[in-house]
Every structure is written in structure tokens, then in C-alpha cells.
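Engineer: Can you look at this prediction? I've put the sequence above it.
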Amino acid sequence: MNNGFKLDKIKDYFELEKLPEFDDKSILYILKDASLWQYILFNFFATLLIKHYLIYFQPNQIILIKLTLLGDLTKNIKKIPMEKITNLQFKRGTIRSKLSFMVDNQKFEFKLPNLLLVGKWQKANLKQIINDYFLSAKTN
């Protein structure tokens with residue numbers, strides 16, 4: 001349980017799934033919130049429709065790894081080449097930030113906590129990824 005938040009377990013998972021070499025500074029926990037109509041229709045139970053992911057940044061691709069509701073890693077892996085990604089945006093919030101991008105005219109919107117109690121690496125990694133992928137892109 002919660003193996004999706006332990007860096008040593010994530011590293012083992014990357015080796016097991018034959019993913020690129022794991023860099024523990026390039027990963028973040030993100031979530032895709034339930035839609036407004038789901039909250040209206042299902043009220044509290046809409047929280048069960050929230051999807052949890054790890055996002056792994058590389059210069060040539062982004063890898064999305066779906067997590068279970070309990071935070072375990074799944075076999076659901078999506079690799080997205082950077083050349084297919086358009087309109088990559090990051091909006092920093094006080095408690096939670098937003099990440100969005102487009103791939104083949106499909107919009108991906110995620111929320112990410114700036115601090116994660118079960119993943120002490122989230123805050124430092126967020127700062128590193130902002131510097132590497134968002135601030136550097138604006139200066140180039």
C-alpha cells in the first residue's frame with residue numbers, strides 16, 4: 001500500500017517495467033479531479049472518481065503512471081513524446097498548483113499539491129521541474 005510514494009519502490013518499478021533510468025528529481029504526484037457535473041450528481045462519492053498519477057519528466061517525453069486509490073503503482077503507463085505536447089502550462093497556487101497541456105487536440109489538466117506528506121520529495125522536485133521545464137522554456 002502507498003508504494004507509489006516511496007522512491008525506492010518507484011525506482012524498482014521503473015526497472016521492472018523497463019522504463020528509462022529513474023531520476024528521483026524528475027517525478028511528481030498529480031491528480032485529475034472529477035468533473036463539476038460528477039460532483040453535482042454524486043456529491044461526496046465524486047471523490048472516488050479522482051484519478052491519481054505520477055508524472056515523470058524527461059527532455060524527450062513525459063510518462064504518466066496511474067496509481068490506485070490507495071497509492072499503489074499500476075501497469076497503466078502512458079508515454080507522451082515532447083514533440084506531441086503543445087501549450088504546456090503551469091500555474092502555481094498557494095497550496096495546490098495546476099499543470100495542463102495538449103496532445104493531439106486532447107487537453108490534459110492536472111492538479112498537484114505543492115507539499116505532499118507521504119512524499120517528502122514533492123516540494124523539492126516541483127521546484128526542480130519548474131526550473132528545468134517551465135522557466136528555461138520561457139528564456140529560450
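Structural biologist: Done, it's in. Numbering: from 1, shown residues only.
Engineer: ok, now how distant is the nearest residue to A124 once chain neighbours are set aside from K75?
Structural biologist: Distances taken as Cβ to Cβ, 6 or more residues apart in numbering place K25 nearest to A124, at 7.3 Å, with adjacent residues excluded. All C-beta spots, glycine's among them, are computed from the backbone N, C-alpha and C. Remark: distance between K25 and K75 (Cβ to Cβ, to the nearest Å) = 25 Å.
Engineer: avg pLDDT for whichever helix or strand K9 is part of?
Structural biologist: Per DSSP states H and E: K9 is located in helix 7-16. What helix 7-16 shows for mean pLDDT is 95.
Engineer: List the buried residues of that helix.
Structural biologist: Buried residues in helix 7-16, counted by 16 or more other Cβ atoms under 10 Å: I10, K11, Y13, F14.
Engineer: got a list of what the first one touches?
Structural biologist: Taking Cβ atoms under 8 Å, 6 or more residues apart in numbering as the criterion, I10 is in contact with N3, G4, F22, D24, I27, L54, L73.
Engineer: from those residues, which ones fall inside strands?
Structural biologist: The strands, defined by DSSP state E, take in I27, L54, L73 from these.
Engineer: Okay, and the beta partners of the second one?
Structural biologist: L54 has the following beta-bridge partners by DSSP bridges: Y29, I65.
Engineer: Now do the contacts for it.
Structural biologist: L54 neighbours (Cβ under 8 Å, 6+ apart): G4, I10, I27, L28, Y29, I30, L64, I65, L67, L73.
Engineer: and with 7 Å instead?
Structural biologist: L54 sits next to G4, I10, I27, Y29, I65, L67 when contact means Cβ atoms under 7 Å, 6 or more residues apart in numbering.
Engineer: Equivalent analysis for G119, please.
Structural biologist: Counting by Cβ under 7 Å, 6+ apart, G119 makes contact with F5, Y29.
Engineer: Assign it to helix, strand or coil.
Structural biologist: coil (DSSP: H, G, I helix; E, B strand; the rest coil).
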